[in-house]
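> make a model of this:
(one chain, ligands or ions: 1)
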Amino acid sequence: MPQSLKIELTKNKKQQPAVDQLGFGNHFTDHMFIMNYDAGKGWHSPRIIPYQPIVLDPAAKVFHYGQTIFEGLKAYKTDDGRVLLFRPQKNIERMNRSNERLSVPELDIEPTIDALKQLIAVDQDWIPNAPSTSLYIRPFVIATQPQLGVAPSTQYQFIIIMSPVGAYYSEGVNPVKIFVESHYVRSVKGGVGEAKTAGNYAAGLKAQELASAKGYSQVLWLDGVHRKYIEEVGSMNVFFKMNGTVYTPALTGSILDGITRNSIIHLLKHWNIPVEERQITIDELYEAGRNGQLEEAFGTGTAAVISPIGELNWQDQVLVINGGQTGELSKKLYDTLTGIQMGKIADPFGWMVEATKVYA
Ligand code: COI
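Numbers count the residues shown, from 1 in each chain. Here you go, the predicted model:
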(Lines give C-alpha, C1' and ligand atoms only; values in the text may rest on other atoms or scores of the structure.)
Protein backbone atom coordinates (compact mmCIF):
# COMPACT_ATOMS: atom_id res chain seq x y z
CA MET A 1 0.00 0.00 0.00
CA PRO A 2 2.51 2.77 0.98
CA GLN A 3 4.74 2.26 -2.08
CA SER A 4 1.86 3.30 -4.33
CA LEU A 5 0.78 6.31 -2.27
CA LYS A 6 -0.14 9.10 -4.67
CA ILE A 7 0.02 12.73 -3.61
CA GLU A 8 -1.94 15.48 -5.32
CA LEU A 9 -1.28 18.88 -3.78
CA THR A 10 -3.89 21.62 -3.65
CA LYS A 11 -3.60 24.67 -5.86
CA ASN A 12 -5.81 26.68 -3.50
CA LYS A 13 -4.38 26.79 0.00
CA LYS A 14 -6.95 27.93 2.54
CA GLN A 15 -6.60 30.89 4.84
CA GLN A 16 -5.72 29.53 8.28
CA PRO A 17 -7.78 30.59 11.29
CA ALA A 18 -6.28 32.75 14.05
CA VAL A 19 -5.10 30.63 16.93
CA ASP A 20 -7.58 32.18 19.38
CA GLN A 21 -10.46 31.36 17.00
CA LEU A 22 -9.86 27.64 16.72
CA GLY A 23 -12.41 26.00 19.04
CA PHE A 24 -12.76 22.27 18.42
CA GLY A 25 -13.30 20.66 15.02
CA ASN A 26 -14.31 23.78 13.11
CA HIS A 27 -11.48 24.09 10.58
CA PHE A 28 -9.87 21.52 8.32
CA THR A 29 -6.43 21.40 6.74
CA ASP A 30 -5.68 21.59 3.00
CA HIS A 31 -5.39 17.84 2.38
CA MET A 32 -6.91 14.50 3.32
CA PHE A 33 -5.91 10.86 2.97
CA ILE A 34 -8.24 8.36 1.35
CA MET A 35 -8.06 4.71 0.29
CA ASN A 36 -10.59 2.13 -0.85
CA TYR A 37 -11.44 -1.43 0.02
CA ASP A 38 -13.08 -3.94 -2.25
CA ALA A 39 -13.76 -7.54 -1.24
CA GLY A 40 -11.26 -9.78 -3.01
CA LYS A 41 -8.85 -6.89 -3.56
CA GLY A 42 -8.25 -5.60 -0.04
CA TRP A 43 -7.27 -1.99 0.76
CA HIS A 44 -5.98 -0.21 -2.33
CA SER A 45 -5.41 3.12 -4.07
CA PRO A 46 -4.02 5.11 -1.12
CA ARG A 47 -3.82 8.79 -1.96
CA ILE A 48 -3.40 12.22 -0.42
CA ILE A 49 -5.65 14.70 -2.17
CA PRO A 50 -6.88 18.26 -1.62
CA TYR A 51 -9.53 18.36 1.17
CA GLN A 52 -12.86 17.98 -0.61
CA PRO A 53 -16.39 16.55 -0.33
CA ILE A 54 -16.78 12.82 -0.98
CA VAL A 55 -19.47 11.55 -3.33
CA LEU A 56 -21.40 8.49 -2.17
CA ASP A 57 -24.32 6.55 -3.57
CA PRO A 58 -27.45 7.21 -1.46
CA ALA A 59 -27.72 3.44 -0.99
CA ALA A 60 -24.25 3.28 0.65
CA LYS A 61 -24.62 1.01 3.67
CA VAL A 62 -23.13 3.53 6.08
CA PHE A 63 -26.25 5.72 5.71
CA HIS A 64 -28.64 2.90 6.53
CA TYR A 65 -26.94 0.53 8.93
CA GLY A 66 -24.26 2.72 10.50
CA GLN A 67 -21.27 0.55 9.64
CA THR A 68 -18.61 3.11 10.46
CA ILE A 69 -15.69 3.50 12.86
CA PHE A 70 -13.68 6.55 13.84
CA GLU A 71 -10.60 7.42 15.86
CA GLY A 72 -9.15 10.59 17.34
CA LEU A 73 -5.50 11.40 17.97
CA LYS A 74 -3.33 14.48 18.03
CA ALA A 75 -0.10 15.86 16.57
CA TYR A 76 1.87 18.58 18.36
CA LYS A 77 4.48 21.07 17.20
CA THR A 78 7.33 21.53 19.66
CA ASP A 79 9.04 24.87 20.25
CA ASP A 80 12.03 23.63 18.23
CA GLY A 81 9.78 22.77 15.27
CA ARG A 82 9.53 18.98 15.65
CA VAL A 83 6.19 17.29 15.03
CA LEU A 84 5.15 14.69 17.59
CA LEU A 85 2.32 12.17 17.60
CA PHE A 86 0.98 10.73 20.85
CA ARG A 87 0.86 6.88 20.84
CA PRO A 88 -0.52 6.59 17.28
CA GLN A 89 -0.13 2.82 17.22
CA LYS A 90 -2.66 2.53 20.07
CA ASN A 91 -5.28 4.35 17.99
CA ILE A 92 -4.86 2.15 14.95
CA GLU A 93 -4.87 -0.97 17.14
CA ARG A 94 -8.09 0.22 18.77
CA MET A 95 -9.53 1.03 15.37
CA ASN A 96 -8.89 -2.55 14.33
CA ARG A 97 -10.66 -3.84 17.46
CA SER A 98 -13.62 -1.58 16.66
CA ASN A 99 -13.49 -2.71 13.01
CA GLU A 100 -13.56 -6.33 14.09
CA ARG A 101 -16.67 -5.68 16.23
CA LEU A 102 -18.50 -4.04 13.31
CA SER A 103 -17.35 -6.54 10.66
CA VAL A 104 -15.16 -3.95 8.93
CA PRO A 105 -11.88 -5.20 7.39
CA GLU A 106 -8.80 -4.44 9.47
CA LEU A 107 -6.07 -2.00 8.49
CA ASP A 108 -2.36 -2.75 8.27
CA ILE A 109 -0.97 -0.81 11.21
CA GLU A 110 2.47 0.30 10.00
CA PRO A 111 1.42 1.47 6.51
CA THR A 112 -1.53 3.32 8.04
CA ILE A 113 0.77 5.18 10.44
CA ASP A 114 3.15 5.92 7.55
CA ALA A 115 0.28 7.36 5.51
CA LEU A 116 -0.71 9.49 8.48
CA LYS A 117 2.85 10.78 8.92
CA GLN A 118 2.96 11.66 5.24
CA LEU A 119 -0.34 13.56 5.44
CA ILE A 120 0.93 15.46 8.48
CA ALA A 121 4.14 16.32 6.62
CA VAL A 122 2.10 17.75 3.74
CA ASP A 123 -0.03 19.89 6.08
CA GLN A 124 2.50 20.57 8.83
CA ASP A 125 2.04 24.35 8.55
CA TRP A 126 -1.42 23.76 10.03
CA ILE A 127 -0.15 22.46 13.39
CA PRO A 128 -0.58 25.20 15.98
CA ASN A 129 1.98 25.63 18.73
CA ALA A 130 0.18 27.88 21.25
CA PRO A 131 -0.63 26.43 24.71
CA SER A 132 -3.62 24.03 24.68
CA THR A 133 -3.64 23.76 20.88
CA SER A 134 -2.80 20.83 18.62
CA LEU A 135 -3.73 19.20 15.33
CA TYR A 136 -6.64 16.83 15.93
CA ILE A 137 -6.58 13.88 13.54
CA ARG A 138 -9.76 12.04 12.67
CA PRO A 139 -9.29 8.72 10.83
CA PHE A 140 -12.57 6.98 9.92
CA VAL A 141 -13.96 4.12 7.88
CA ILE A 142 -17.32 4.08 6.11
CA ALA A 143 -19.20 1.26 4.40
CA THR A 144 -19.78 2.38 0.82
CA GLN A 145 -21.38 -0.57 -0.95
CA PRO A 146 -24.64 0.64 -2.55
CA GLN A 147 -26.88 -2.21 -1.39
CA LEU A 148 -29.72 -2.35 1.13
CA GLY A 149 -29.43 -5.90 2.48
CA VAL A 150 -28.41 -6.04 6.15
CA ALA A 151 -24.98 -7.61 5.75
CA PRO A 152 -21.39 -6.37 6.05
CA SER A 153 -20.46 -4.09 3.18
CA THR A 154 -18.11 -5.41 0.49
CA GLN A 155 -16.73 -1.90 -0.12
CA TYR A 156 -15.29 0.73 2.23
CA GLN A 157 -13.40 3.99 2.26
CA PHE A 158 -10.80 4.82 4.92
CA ILE A 159 -10.25 8.57 5.25
CA ILE A 160 -8.10 10.79 7.45
CA ILE A 161 -8.98 14.44 7.96
CA MET A 162 -7.20 16.88 10.28
CA SER A 163 -8.31 19.91 12.23
CA PRO A 164 -6.26 22.48 14.17
CA VAL A 165 -7.93 22.69 17.59
CA GLY A 166 -8.00 24.53 20.88
CA ALA A 167 -9.75 23.28 24.03
CA TYR A 168 -12.67 20.87 23.59
CA TYR A 169 -14.83 22.50 26.24
CA SER A 170 -15.59 26.21 26.28
CA GLU A 171 -14.50 26.08 29.94
CA GLY A 172 -10.95 25.37 28.66
CA VAL A 173 -9.08 23.63 31.45
CA ASN A 174 -11.48 24.92 34.09
CA PRO A 175 -13.82 22.44 35.81
CA VAL A 176 -16.91 21.28 33.91
CA LYS A 177 -20.37 20.47 35.30
CA ILE A 178 -21.64 16.99 34.45
CA PHE A 179 -25.19 15.60 34.61
CA VAL A 180 -25.53 11.97 35.77
CA GLU A 181 -28.01 10.34 33.40
CA SER A 182 -30.63 8.13 35.04
CA HIS A 183 -33.14 7.60 32.23
CA TYR A 184 -31.19 6.91 29.03
CA VAL A 185 -28.31 4.45 28.71
CA ARG A 186 -25.36 4.49 26.33
CA SER A 187 -24.52 0.85 25.97
CA VAL A 188 -24.61 -2.60 27.54
CA LYS A 189 -22.01 -5.34 27.84
CA GLY A 190 -22.07 -7.38 24.63
CA GLY A 191 -23.17 -4.33 22.62
CA VAL A 192 -20.86 -1.91 20.84
CA GLY A 193 -19.94 0.39 23.75
CA GLU A 194 -16.28 -0.58 23.53
CA ALA A 195 -16.12 0.25 19.82
CA LYS A 196 -15.53 3.78 18.60
CA THR A 197 -18.53 3.81 16.33
CA ALA A 198 -20.85 6.66 15.43
CA GLY A 199 -24.00 5.05 16.89
CA ASN A 200 -22.64 5.25 20.44
CA TYR A 201 -22.39 9.00 20.07
CA ALA A 202 -25.74 9.42 18.31
CA ALA A 203 -27.33 7.42 21.15
CA GLY A 204 -26.03 9.98 23.62
CA LEU A 205 -27.21 13.14 21.91
CA LYS A 206 -30.71 13.30 23.42
CA ALA A 207 -29.42 13.06 26.98
CA GLN A 208 -26.67 15.54 26.20
CA GLU A 209 -29.19 18.00 24.78
CA LEU A 210 -31.34 17.76 27.93
CA ALA A 211 -28.32 18.10 30.20
CA SER A 212 -27.09 21.08 28.23
CA ALA A 213 -30.46 22.83 28.65
CA LYS A 214 -29.92 22.48 32.41
CA GLY A 215 -26.47 24.07 32.18
CA TYR A 216 -24.35 20.89 32.18
CA SER A 217 -21.52 20.29 29.67
CA GLN A 218 -22.06 16.56 29.22
CA VAL A 219 -23.62 13.49 30.79
CA LEU A 220 -22.07 10.79 32.94
CA TRP A 221 -23.43 7.39 31.91
CA LEU A 222 -24.40 4.68 34.36
CA ASP A 223 -24.39 1.00 33.35
CA GLY A 224 -27.35 -0.09 31.27
CA VAL A 225 -28.42 -3.03 33.46
CA HIS A 226 -28.28 -1.99 37.12
CA ARG A 227 -28.18 1.75 36.46
CA LYS A 228 -25.75 2.17 39.33
CA TYR A 229 -22.20 1.55 38.11
CA ILE A 230 -20.37 4.56 36.69
CA GLU A 231 -19.26 4.07 33.08
CA GLU A 232 -17.97 7.13 31.19
CA VAL A 233 -18.80 10.64 30.03
CA GLY A 234 -19.81 11.14 26.35
CA SER A 235 -16.33 12.09 25.23
CA MET A 236 -14.16 11.09 28.20
CA ASN A 237 -13.30 8.33 30.65
CA VAL A 238 -13.61 9.35 34.30
CA PHE A 239 -11.40 9.21 37.39
CA PHE A 240 -12.22 9.95 41.04
CA LYS A 241 -9.73 10.54 43.85
CA MET A 242 -11.20 9.24 47.09
CA ASN A 243 -9.24 9.02 50.32
CA GLY A 244 -5.90 9.26 48.55
CA THR A 245 -6.61 6.51 45.98
CA VAL A 246 -7.55 7.22 42.38
CA TYR A 247 -10.35 5.06 40.97
CA THR A 248 -11.56 4.63 37.41
CA PRO A 249 -14.29 2.30 36.15
CA ALA A 250 -12.92 -1.09 35.06
CA LEU A 251 -13.21 -1.96 31.37
CA THR A 252 -16.17 -4.31 31.65
CA GLY A 253 -17.08 -4.38 27.96
CA SER A 254 -19.31 -1.35 27.57
CA ILE A 255 -16.70 1.37 28.19
CA LEU A 256 -14.25 2.85 25.71
CA ASP A 257 -10.66 1.74 26.32
CA GLY A 258 -9.28 5.28 26.31
CA ILE A 259 -5.66 5.89 25.38
CA THR A 260 -5.48 8.95 27.65
CA ARG A 261 -7.11 6.79 30.38
CA ASN A 262 -4.38 4.19 29.95
CA SER A 263 -1.67 6.88 29.99
CA ILE A 264 -3.02 8.43 33.20
CA ILE A 265 -2.99 5.03 34.92
CA HIS A 266 0.66 4.66 33.82
CA LEU A 267 1.56 8.12 35.13
CA LEU A 268 -0.11 7.53 38.50
CA LYS A 269 1.68 4.19 38.93
CA HIS A 270 4.96 5.86 37.94
CA TRP A 271 4.38 8.40 40.75
CA ASN A 272 3.42 5.66 43.23
CA ILE A 273 -0.05 7.12 43.65
CA PRO A 274 -2.50 4.28 44.38
CA VAL A 275 -4.77 3.72 41.38
CA GLU A 276 -7.48 1.08 40.98
CA GLU A 277 -9.63 0.02 38.06
CA ARG A 278 -12.87 -1.31 39.51
CA GLN A 279 -16.61 -0.91 39.41
CA ILE A 280 -17.70 2.26 41.22
CA THR A 281 -21.33 2.84 42.17
CA ILE A 282 -22.88 6.27 41.99
CA ASP A 283 -24.12 5.77 45.61
CA GLU A 284 -20.58 5.15 46.77
CA LEU A 285 -19.38 8.27 44.99
CA TYR A 286 -22.07 10.45 46.52
CA GLU A 287 -21.42 8.91 49.94
CA ALA A 288 -17.71 9.79 49.57
CA GLY A 289 -18.75 13.29 48.49
CA ARG A 290 -20.94 13.74 51.58
CA ASN A 291 -18.21 12.41 53.91
CA GLY A 292 -15.55 14.71 52.48
CA GLN A 293 -13.61 11.75 51.05
CA LEU A 294 -14.11 12.66 47.39
CA GLU A 295 -11.10 14.86 46.78
CA GLU A 296 -11.08 15.28 43.00
CA ALA A 297 -12.79 14.14 39.82
CA PHE A 298 -11.62 14.50 36.24
CA GLY A 299 -12.32 13.20 32.77
CA THR A 300 -9.71 12.05 30.28
CA GLY A 301 -9.80 11.86 26.49
CA THR A 302 -7.84 12.79 23.40
CA ALA A 303 -10.06 15.77 22.66
CA ALA A 304 -10.65 16.79 26.28
CA VAL A 305 -7.10 15.88 27.56
CA ILE A 306 -7.69 16.17 31.35
CA SER A 307 -10.88 17.94 32.25
CA PRO A 308 -11.55 18.59 35.94
CA ILE A 309 -15.14 17.93 37.04
CA GLY A 310 -16.39 20.58 39.47
CA GLU A 311 -19.99 19.48 39.88
CA LEU A 312 -22.23 16.44 39.39
CA ASN A 313 -26.01 16.37 39.37
CA TRP A 314 -27.65 12.99 39.98
CA GLN A 315 -31.41 12.94 40.40
CA ASP A 316 -31.35 16.61 41.43
CA GLN A 317 -28.71 16.04 44.09
CA VAL A 318 -25.89 18.45 43.37
CA LEU A 319 -22.42 17.35 44.41
CA VAL A 320 -19.77 20.05 44.30
CA ILE A 321 -16.28 18.55 44.07
CA ASN A 322 -13.22 20.26 45.51
CA GLY A 323 -15.18 23.49 45.90
CA GLY A 324 -15.73 23.52 42.12
CA GLN A 325 -12.01 24.16 41.65
CA THR A 326 -9.34 22.30 39.69
CA GLY A 327 -7.65 19.81 42.02
CA GLU A 328 -3.91 19.60 42.59
CA LEU A 329 -3.62 16.13 41.06
CA SER A 330 -5.74 17.01 38.01
CA LYS A 331 -3.49 20.02 37.41
CA LYS A 332 -0.30 17.99 37.82
CA LEU A 333 -1.60 15.32 35.42
CA TYR A 334 -2.63 17.95 32.88
CA ASP A 335 0.71 19.75 33.08
CA THR A 336 2.71 16.53 32.84
CA LEU A 337 0.73 14.97 30.02
CA THR A 338 0.61 18.13 27.90
CA GLY A 339 4.28 18.79 28.76
CA ILE A 340 5.24 15.36 27.38
CA GLN A 341 2.99 15.84 24.35
CA MET A 342 4.43 19.27 23.51
CA GLY A 343 7.99 17.93 23.94
CA LYS A 344 8.60 20.29 26.88
CA ILE A 345 9.34 17.58 29.44
CA ALA A 346 10.99 14.16 29.21
CA ASP A 347 8.91 11.26 27.93
CA PRO A 348 9.93 8.35 30.17
CA PHE A 349 7.46 5.97 28.52
CA GLY A 350 8.42 6.31 24.84
CA TRP A 351 4.93 7.56 24.00
CA MET A 352 5.85 10.29 21.53
CA VAL A 353 6.53 9.38 17.92
CA GLU A 354 8.22 11.86 15.63
CA ALA A 355 6.15 12.44 12.49
CA THR A 356 8.67 12.85 9.76
CA LYS A 357 7.95 12.57 6.05
CA VAL A 358 8.00 8.91 5.04
CA TYR A 359 8.17 9.08 1.25
CA ALA A 360 10.28 11.44 -0.84
C1 COI B 1 -11.63 11.97 21.32
O2 COI B 1 -11.30 12.32 22.44
O3 COI B 1 -10.86 11.86 20.36
C4 COI B 1 -12.99 11.59 21.08
O5 COI B 1 -13.22 10.66 20.36
C6 COI B 1 -14.04 12.42 21.60
C7 COI B 1 -14.78 12.96 20.45
C8 COI B 1 -16.06 12.25 20.31
C9 COI B 1 -14.85 14.43 20.44
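> Provide a list of residues in contact with residue 238.
Residue 238 makes contacts with 220, 230, 232, 248, 249, 297, 298, 299, 300, 309, as judged by C-beta atoms under 8 Å, 6 or more residues apart in numbering. For glycine as for every other residue, the C-beta is placed from the backbone atoms N, C-alpha and C.
> dump those residues to CSV, plus neighbour count and pLDDT.
Listed next are the contacts of residue 238 as CSV, based on neighbours: other C-beta atoms under 10 Å; pLDDT from 0 to 100:
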residue, neighbour count, pLDDT
220, 26, 97
230, 22, 98
232, 24, 96
248, 24, 98
249, 22, 98
297, 28, 97
298, 31, 97
299, 29, 96
300, 27, 97
309, 28, 96
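> out of these, which are inside strands?
Within the contacts of residue 238, membership in strands is found for 220, 230, 232, 248, 297, 298, 299, 300, 309, as judged by DSSP state E.
> can I get those residues in CSV with distance to residue 79?
Shown next, in CSV, are these (distance: C-beta to C-beta, whole Å):
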residue, distance to residue 79
220, 37
230, 39
232, 34
248, 32
297, 32
298, 27
299, 28
300, 25
309, 31
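> from those, pick the one nearest residue 177.
Nearest to residue 177, judged by C-beta to C-beta, of these is residue 309 at 7.8 Å.
> which residue ranges of the stretch 101-250 of the chain form strands?
In the stretch 101-250 of the chain, the segments counted as strands under DSSP state E, counting those that start in this stretch are 134-143, 155-165, 176-180, 218-222, 230-233, 237-242, 245-248.
> which among those is found nearest to the ligand?
strand 134-143 (7.2 Å; C-beta to the nearest ligand atom).
> what angle do that closest one and strand 155-165 make?
In terms of direction (axes from the mean of the first three to the mean of the last three C-alpha atoms, to 10 degrees), strand 134-143 departs from strand 155-165 by 160 degrees.
> what lines up beside strand 134-143 in the sheet?
Partners of strand 134-143 in the sheet, by DSSP bridges, are strand 68-70 (antiparallel), strand 73-77 (antiparallel), strand 155-165 (antiparallel).
> which one of the ones in strands among the contacts of residue 238 is nearest residue 200?
Nearest to residue 200 among these: residue 232, at 10.0 Å, using C-beta to C-beta.
> mind listing what that closest one touches?
186, 220, 221, 238, 249, 255, 256, 258.
> burial of the first one, as a residue count?
In this case it means residue 186. By the other C-beta atoms under 10 Å criterion, the neighbourhood of residue 186 contains 24 residues.
> so who does the nearest residue to it once chain neighbours are set aside touch?
The spatially closest residue to residue 186, leaving aside those adjacent along the chain, is residue 221, at 4.3 Å (C-beta to C-beta, 6 or more residues apart in numbering). Each residue near residue 221 by C-beta under 8 Å, 6+ apart is listed here: 181, 185, 186, 187, 204, 230, 231, 232, 233, 234.
> what residues are up against residue 35?
For residue 35, counting by C-beta under 8 Å, 6+ apart, the contacting residues are 1, 43, 44, 45, 46, 47, 115, 157, 158.
> buried ones among those?
Burial by neighbour count, 16 or more other C-beta atoms under 10 Å: within the contacts of residue 35 this picks out 1, 43, 46, 47, 115, 157, 158.
> on that earlier part again, go through the contacts of residue 35 and say which is closest to the ligand.
residue 158 (16.9 Å).
> what residues are up against that closest one?
Applying C-beta under 8 Å, 6+ apart, one finds that residue 158 lies in contact with 34, 35, 36, 37, 43, 107, 112, 139, 140, 141.
> quick check on the residues you listed: which are buried?
34, 35, 36, 37, 43, 107, 112, 139, 140, 141.
> just say helix, strand or coil for the first one.
It stands for residue 34. The local conformation at residue 34, judged by DSSP: H, G, I helix; E, B strand; the rest coil, is strand.
> hmm, it is touching residue 161, no?
No. Shown here, residue 34 and residue 161 do not form a contact pair, counting by C-beta atoms under 8 Å, at 9.5 Å.
> distance of the residue of the stretch 51-200 of the chain found nearest the ligand relative to residue 303?
Nearest residue of the stretch 51-200 of the chain to the ligand (C-beta to the nearest ligand atom) works out as residue 72 at 2.3 Å. Look at residue 72 and residue 303: by C-beta to C-beta, to the nearest Å, they are 6 Å apart.
> cool, and residue 134?
When distance is defined by C-beta to C-beta, residue 134 is 10 Å away from residue 303.
> and for those two, which residues touch both?
residue 165.
> neighbour count for those two, which is higher?
Applying other C-beta under 10 Å to residue 134 and residue 303 shows that residue 134 carries more neighbours, namely 27 against 20.
> name whatever forms a beta bridge with that one.
Residues in a beta bridge with residue 134, per DSSP bridges, are residue 165.
> from memory it sits against residue 341, does it?
Yes. Using C-beta under 8 Å, residue 134 is in contact with residue 341, at 7.4 Å.
> all set, thanks.
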